[in-house]
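Chemist: can't give you the sequence, but here's the structure:
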């Protein structure tokens, strides 16, 4: 997947929170839901700033403190979205020890 720029990510956030209303719709778009879940995993101050300004469409924020939180939030979010999905493998008991104990 192509790495998103902060501008592209900001537009996606506005799309998810303002246009798709990911927080209140019964069946949100899958991409909007992915963005929402990752934003909720950000530190509280950054998540609150990202959500607030994405809902209002005010990107980037004009307040210097909000701008710093917005920038940090987008950077963290972009890093999170670039991570590959983990692969889970279910392993059985080694050397059939479970089966031997059950017998």
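Modeler: Yep, it's here. Not measured: the values here are computed from a predicted model.

Chemist: which stretches of this protein form helices?
Modeler: Secondary structure of the chain, counting by DSSP state H: helices at 6-14, 30-40, 44-56, 64-82, 97-102.

Chemist: Quick one: the ones you listed as TSV, columns for distance to residue 21 too.
Modeler: For every residue, glycine as well, the C-beta is placed using N, CA and C. TSV is the format used below for the helices of the chain (distance: least, Cβ to Cβ, whole Å):
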stretch	distance to residue 21
helix 6-14	12
helix 30-40	9
helix 44-56	9
helix 64-82	19
helix 97-102	49
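
Chemist: which stretch among these comes nearest residue 20?
Modeler: With Cβ to Cβ as the criterion, residue 20 lies closest to helix 30-40 of the helices of the chain, at 4.2 Å.

Chemist: Can you tell me the centre-most residue of this structure?
Modeler: Centroid-nearest residue in the chain: residue 38, 1.5 Å away (criterion: Cα atoms, centre = their mean).
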